Structures are given as structure tokens and as C-alpha cells.
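Undergrad: Here's my sequence, what's the structure:
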Amino acid sequence: MGEERKSEVRTTSAWTRYPTLYEINTWVWLSDLKHEYGKNVDLSSVPSAEWDAVAKHGFDAVWLMGVWERSPAGTAIANRNNVLLEDFRRALPDFRLSDNVGSPYCVRRYVVDQHLGGPSGLAVARRELARRGMHLVLDFVPNHVAPDHPWVIEHPEYFVRGNADDARRDPASFIDVEGNVFACGRDPHFPAWSDVLQLNVFQPGLRQAVIESISTIAGQCDGIRCDMAMLLLNAIFERTWSTRAGQRPASEYWVDVIPAIKKAHPSFLFIAEAYWGLEWDLHQHGFDMCYDKTLYDRLENNNPESVRLHLCADLAYQQKLLRFIENHDEPRAAAAFSPEKARAVAVAMATLPGARLFHEGQFEGRKVRPPVFLGRRPQEAADQQLQNFYGKLLEGIASPAFREGQWSLCECMGWPDNSSFQNLVAWTWVKGDDRRLIVVNLSDSTAQARVLAQWSELRGEIWRLTDVLSGATYDRDGDEMLSPGLYVELGPWGHSFFQCVRTPAIRNSTENIALAEAGKTGELVSPILTPVPHSRRKPRRRAVWPPQMLPRVAR
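TA: Numbers count the residues shown, from 1 in each chain. Prediction:
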């Protein structure tokens, strides 16, 4: 899959426990820079100011999506696909055939495309990222390759094969290349992808060839995002291809591949694009991180209790999930959610344990998600208010507490005549003296709750709660925060992102302690954190779910 090349600089810092990643559609991004600067820009010549603009947000890594050599054969096939052409025109009304530069997931060779600067350009980009303390993540596509990949001629045995009858009967699923018929790549739930050929992961020689290819890639970056990683599981592959794949091997594909790479590159990060609830299986096969599509779906579908239930899973499982609210496969968050909801789910995603993925254009509120085939995108005005919001959010999670701290899910309690507490989710982070409390209303109606932050240090102290997003500040009695809990009222899609600090000056004031206990600490009081309106409202605990309803990793 390409000759081995080593970059000049390797990031020396280790991966943090909970890294923050930034996905860039490399071809489109460079196209925008070319337009902005009025000259050709590739990975070797990105202005320093652009790398600085990425680095200022405190990302741990940049995922340069789509750097590998595109396939002319695959591009030609896509240009004959009317469904794809319609998608292109929806995203880019003035679409021209030249705008289709080929799918980044139809890889001809694992060599950086010359249009993007080639291998030397990537080495420069990696060096610029490393200088700013950021790792580099690239793609790997294990399931399929382009029709003009060298293996098609040199190693046809690496592929799922067909015959002339297959090609004649189902030309959308089988393709003839110089007299050999190959199956097109596919996901078992959808029609075949006509521009790629299906690799046979049961073929013994392929696995060794893949190890060699990833070893080459590992010399150029710090981790890879593995496209549709669950398709390579033996059970899935066998169900998809049946007898065409041959005998099922005794070992799993990723169990053979990942340890072989880790032996030479111990800190190399493996990220799985994963669906169908198979994240746990892929973790067991060696992946460091897996997509958390379940969280995305539950946030999208307005089911706060299902989100809370998802967050009841074991921390050992959750800390290996990659959270997101958009990427190149999902709709833009600004298009999928209302402005208020988009902010609420962003706060939730960004402050949970695991890796966090942000997408270039997300902060500006872009609504058009260009198909990955396109080399440019339409102009869109930036949403300045959304940019300001993300600036504060990213600054808030830059704290070491969110990279290396201890996370805990909080219990939210309500009252017999007020069940709105079920729409709130809350959690805390602690690292040393840095304590954070996040509360999010995942509904379109106002909600109230008592939130229990189980910090023993709360007792006997007055605490100042500063919302890092709004700037609002409140003083609260630690004993009350422990029991019956901090009273919180949030409007539709409301959220609070508190930094919690002891306040010695107030702690020594009897008058202020009394005021804080009454929820009347001077001008600091806000309706968001007023006391429960009347004492008859005794808090009611959230129902306990029976073990059979919890995720299996939480049992």
C-alpha cells in the first residue's frame, strides 16, 4: 500500500487519557486557504498563522482526513453515478465534474497525494503540529481499496472474487478488471460501493500485507482512524460474504494486526469507526478508542433518560469512547439541531470522559456537509456568537481536569409533583483542587432538580460556583450541596458549566453563611440557582434500573 517513508519529527509527548481531536477535510481546507491567500497552498506551505489558529483551541491532535492518493478509476465511476451527482449538486450548486477529486476512502496507494504536497508535505505538516504540541492522526481503510490499487494486479488473491456470471447479473456489485472479476466493497446493510473492491480479510497473506502497510503509515503519524472497523470482525465478515470469503480463520483480524503495530510503535493510537453496538468487542481486540454513535443517536433523539443510562456504563468502557456531534459522515450540528440544542449537546459531548472530536467548520456554524468526493465547498457566513460560545467551551475543557481528572455521574433528584428532573444530566470532574460541575437540560422545556455532587470536601464550606460559559457567579453552602443537593433550574436546552472553588472570605462570615443557606447571597443570586420554592417538595430519587436494562459493561 505504498513505500515506507519516515517523517522528520515525531511528537514526543504521550497521549493524554482523554484527548481532544480536530478533524480537517484536508483537500477542502487547502482549497479554502488557496482562495483566501490567492496562491497555491499544500501541506508544505500552510501559513504558520493557520496552524496557530488550530493550536489556540488546545487540541491534542489533528486528524487530517483524506491525505492518501485518490483513484482516477474510482473518480470516473463516481462521475457516472447519478445519485452521487445529485448529492454533489445539492451541496455545491455550481458543481463541475472537476470538483469531484475522488473519494478519500477509495485509496489508490497509501502515499500522500501530490496535490496535497506529497509525503514531504505531510512531514512538514507533522512537524508544525508537533511544534505546537499536537499529534497527527490519519485514515486507514481496511475493508476495501480502489480498482487501480497495485494489489489488484499483483495480488488478486487478496480480494473477494466473483465470476463472469456475477458481473453480468449484478454489475453494481461486481466489476471486471483485466479479466478478473472482483466483488465491490460493501456494508451488509446497504448496496455495494461501486467504486471500490472488497478485500478478503480471511485471506492469510492479506493480514501480513496490511501489517506492513500500517507500519509504513505509523512512520508518518501518531495514530489512525480505521474506517468501518467492525466490518472486519470474523462474524460480521462471514455473515456478509459467506462462502465467497473461504474458511473463517481461528484468530480475529484486529487481534493479529494491532499488537503487531504496537510492538514497534507502543504509543500509536488506534481509533475505530464503529457501529451496531460493537464498540466493546473492538476494545477487546485492541482499539484504544471507538466512535460513540450511541450517544450521538440518543442526543439527537431527545431522550435524556437514555443518555443518562448510557453514561451509567463502566468508566473503563466509557473512557475508550470517542464522542462527537458531527463529523464528515454526520450532518452538520448547526443543520441537525436548533441553535439552543446545538449548544447543549456540545457542552455534554465536550465534558464527558473519553476522546472528544470536533469538526472543522463546526465552530463557525457551517450547515453544508460536502460529500467527501468534493474538493471545494460553498461559501457560508460564520456565526460569530457560536464561535464565541465554542471559544469559551474549549477554554473550559483545556483544564487538566478534563484531560486527566476523575469523572463521576451525579444523581439528580426531583419531587412527586415535578418529574422534570429526569430531563437533566449532570457530572463532575476533579483533579487536585480543580473541581467542575456540569448540568445540562436535554429537553425543550424548563427543568428543576437537586443535583448531588459527592465531594466530601463540600462539608462545612461555602463554595463559589462560576459558570465558565456565561460568567455568572453564585455562592452556595457545601452542606446543602451534599444533602439535599444543589438546587438547579434550567430553561429549555439550558446548561451550566461550573468551576467550584472554596471562598474563605465568605466562609468566615456568619451573615453570609446564613444568606447562602437561604439562597440569598447578595447580588449573586440568580433564578437559575434559587432554593426549592416550598418545603413540601421532598426530593425524590430517580428510579433505579434493573440490571437487565443496563448496558452489559455496567452490570
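
Undergrad: In this structure residue 129 contacts residue 135, no?
TA: Yes. At 7.1 Å, residue 129 and residue 135 qualify as touching, with contact defined as C-beta atoms under 8 Å. Where you see a C-beta, it was placed from the backbone N, CA and C, and this is true even at glycine.

Undergrad: Check which residues of stretch 222-235 are buried.
TA: Within stretch 222-235, the residues that qualify as buried by neighbour count (16 or more other C-beta atoms under 10 Å) are 222-234.

Undergrad: Equivalent analysis for stretch 461-470, please.
TA: Using 16+ other C-beta under 10 Å as the burial criterion, the residues of stretch 461-470 that qualify are 461-465, 467-469.

Undergrad: What is the nearest of those to residue 39?
TA: Residue 39 has its nearest neighbour among these in residue 469, at 38.6 Å by C-beta to C-beta.

Undergrad: quick one: contacts for that closest one?
TA: With contacts defined as C-beta atoms under 8 Å, 6 or more residues apart in numbering, residue 469 is in contact with 347, 389, 392-393, 396, 495, 497.

Undergrad: Format those residues as a markdown table; extra columns: secondary structure and pLDDT.
TA: Output for the contacts of residue 469, formatted as a markdown table (DSSP: H, G, I helix; E, B strand; the rest coil; pLDDT from 0 to 100):
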| residue | secondary structure | pLDDT |
| --- | --- | --- |
| 347 | helix | 98 |
| 389 | helix | 98 |
| 392 | helix | 98 |
| 393 | helix | 98 |
| 396 | helix | 97 |
| 495 | strand | 98 |
| 497 | strand | 98 |
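
Undergrad: Of those, which is the nearest to residue 110?
TA: Using C-beta to C-beta, the shortest approach to residue 110 within the contacts of residue 469 belongs to residue 393, at 35.2 Å.

Undergrad: Can you get me a residue count around the closest residue to that closest one other than its chain neighbours?
TA: If you skip the residues right next to it in sequence, residue 393 has residue 350 as its closest partner in space, 5.7 Å away by C-beta to C-beta, 6 or more residues apart in numbering. If you count neighbours by other C-beta atoms under 10 Å, residue 350 ends up with 22.

Undergrad: show me what contacts residue 350?
TA: Listed by C-beta under 8 Å, 6+ apart, the contact partners of residue 350 are 323, 356, 393-394, 397.

Undergrad: Please settle this for me: is residue 225 part of a strand?
TA: Yes. Assigned with DSSP: H, G, I helix; E, B strand; the rest coil, residue 225 falls within a strand.

Undergrad: wouldn't it be in contact with residue 63 here?
TA: Yes. Contact status for residue 225 versus residue 63: in contact at 6.1 Å, counting by C-beta under 8 Å.

Undergrad: Are there residues contacting both of the two? Which ones?
TA: Jointly contacting residue 225 and residue 63 under the rule C-beta under 8 Å, 6+ apart are 137-138.

Undergrad: circling back: sitting in helices, which of the contacts of residue 350 do you find?
TA: Mapping these onto helices (DSSP state H) picks out 393-394.

Undergrad: gap between the residue lying closest to residue 279 once chain neighbours are set aside and residue 201?
TA: Using C-beta to C-beta, 6+ apart and skipping residues adjacent in sequence, the residue nearest residue 279 is residue 290, 4.0 Å away. If you measure residue 290 against residue 201 using C-beta to C-beta, to the nearest Å, the figure is 18 Å.

Undergrad: Return the distance of the strand or helix carrying the residue nearest to residue 279 from the chain's centre.
TA: Residue 290 belongs to strand 289-291 when assigned by DSSP states H and E. Using C-alpha atoms, centre = their mean, to the nearest Å, we find the averaged C-alpha position of strand 289-291 to lie 8 Å away from the chain's own average C-alpha position.

Undergrad: elements contacting that strand?
TA: Applying 3 or more C-beta pairs under 8 Å, 6 or more residues apart in numbering; DSSP states H and E, one finds that strand 289-291 contacts strand 269-272, helix 279-284, strand 321-323.

Undergrad: would CSV of those with distance to residue 428 and mean pLDDT be doable?
TA: Listed next are these as CSV, based on distance: least, C-beta to C-beta, whole Å; pLDDT from 0 to 100:
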stretch, distance to residue 428, mean pLDDT
strand 269-272, 27, 98
helix 279-284, 24, 97
strand 321-323, 17, 98
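
Undergrad: TSV please, covering the ones you listed and showing distance to residue 241 and mean neighbour count.
TA: Converted to TSV, the helices and strands packed on strand 289-291 look like this (distance: least, C-beta to C-beta, whole Å; neighbours: other C-beta atoms under 10 Å):
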stretch	distance to residue 241	mean neighbour count
strand 269-272	20	24
helix 279-284	19	20
strand 321-323	28	24
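
Undergrad: Distance to residue 52 added to those, as a markdown table?
TA: Converted to a markdown table, the helices and strands packed on strand 289-291 look like this (distance: least, C-beta to C-beta, whole Å):
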| stretch | distance to residue 52 |
| --- | --- |
| strand 269-272 | 24 |
| helix 279-284 | 35 |
| strand 321-323 | 25 |
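
Undergrad: could you show me where the helices are in the stretch 201-350 of the chain, in order?
TA: Assigned helices in the stretch 201-350 of the chain, in chain order: 204-218, 234-241, 253-264, 279-284, 293-300, 304-310, 315-318, 333-336, 339-350 (criterion: DSSP state H, counting those that start in this stretch).

Undergrad: list the buried ones in the last one?
TA: Pointing back at helix 339-350 there. For helix 339-350, burial by neighbour count (16+ other C-beta under 10 Å) applies to 341-350.

Undergrad: which of those residues lies closest to residue 141?
TA: Within the buried residues of helix 339-350, distances to residue 141 taken as C-beta to C-beta reach their minimum at residue 349, with 25.6 Å.

Undergrad: so who does that closest one touch?
TA: When contacts are counted by C-beta under 8 Å, 6+ apart, residue 349 is found next to 295, 299, 323-325, 356.

Undergrad: Need the pLDDT of the nearest residue to residue 269 once chain neighbours are set aside.
TA: In space, not counting the residues next to it along the chain, residue 269 is nearest to residue 223; the distance is 3.0 Å by C-beta to C-beta, 6+ apart. Reported pLDDT at residue 223 in the predicted model: 98.

Undergrad: that older thread, quick one: which of the helices and strands packed on strand 289-291 is nearest residue 378?
TA: Counting by C-beta to C-beta, residue 378 lies closest to strand 321-323 out of the helices and strands packed on strand 289-291; the figure is 28.0 Å.

Undergrad: Name every sheet partner of that closest one and say whether each one runs parallel or antiparallel.
TA: Counting by DSSP bridges, the strands paired with strand 321-323 are strand 289-291 (parallel), strand 355-359 (parallel).

Undergrad: Now mean pLDDT too, for the ones you listed, in a markdown table please.
TA: Listed next are the strands paired with strand 321-323 as a markdown table, based on pLDDT from 0 to 100:
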| stretch | mean pLDDT |
| --- | --- |
| strand 289-291 | 98 |
| strand 355-359 | 98 |
